[in-house]
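Student: The sequence and its predicted three-dimensional model are supplied below.
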Amino acid sequence: MRPLYSHVDLRVRDREKAVEFYDPLLRALGFQIEPRSAGDDWPTWRRPGDGRNAEFFGFEVDPDHVPNQNRVAFFCASKEEVERIARVAAECGAKNIDGPPGLSDKYYACFFDDPDGNRLEACFLSG
């Protein structure tokens, strides 16, 4: 199946803090860090499956980065998965955690920020 997007290319201020935050979070979401990128300035995590065509998530270091109102939302297959990702995010040092339960009975979500203030979300849409 063709991926729905190619990649997310995020900006962070501190590489080490970002790897500490994103590695366990993205692994919990089913991504795997690419071995060759673990020490790079642009580490990437890829979803297993379609090799080089699989979706991936990466970031570049920009010491002057200022977060904005954009949000990256990760799809979860169930409410329980949203709750699990919320726990992982909290353990990783997420800031401004809001939820779950989310916005309505059909939109179950947890909103949070990474250490640099980039907005993220884990969500499950039912019905």
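Tutor: Yep, it's here. Numbering: from 1, shown residues only.

Student: Now do the contacts for the closest residue to Glu83 other than its chain neighbours.
Tutor: In space, and not counting its chain neighbours, Glu83 is closest to Pro100: 5.9 Å by C-beta to C-beta, 6 or more residues apart in numbering. Every residue, glycine included, has its C-beta placed from N, CA and C. By C-beta atoms under 8 Å, 6 or more residues apart in numbering, Pro100 lies in contact with Lys79, Val82, Glu83, Ala86, Tyr108, Ala109, Cys110.

Student: Show only the entries of these found in strands.
Tutor: In strands, defined here by DSSP state E, the members of these are Tyr108, Ala109, Cys110.

Student: just the strands in the protein please.
Tutor: For the chain, the strands defined by DSSP E occupy 7-12, 32-33, 44-46, 56-61, 71-75, 95-98, 102-104, 107-113, 119-125.

Student: Which of those has the lowest mean pLDDT?
Tutor: Mean pLDDT is lowest for strand 102-104 out of these, coming in at a mean of 71.

Student: hmm, back to that, now the strands of the chain in TSV, with mean neighbour count and distance to Phe21?
Tutor: Shown next, in TSV, are the strands of the chain (neighbours: other C-beta atoms under 10 Å; distance: least, C-beta to C-beta, whole Å):
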stretch	mean neighbour count	distance to Phe21
strand 7-12	17	9
strand 32-33	17	13
strand 44-46	22	12
strand 56-61	19	10
strand 71-75	14	13
strand 95-98	12	10
strand 102-104	14	22
strand 107-113	21	10
strand 119-125	19	10
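
Student: hmm, back to that, columns distance to Leu29 on top of the contacts of Pro100, output as TSV?
Tutor: Listed next are these as TSV, based on distance: C-beta to C-beta, whole Å:
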residue	distance to Leu29
Lys79	15
Val82	11
Glu83	14
Ala86	12
Tyr108	16
Ala109	14
Cys110	12
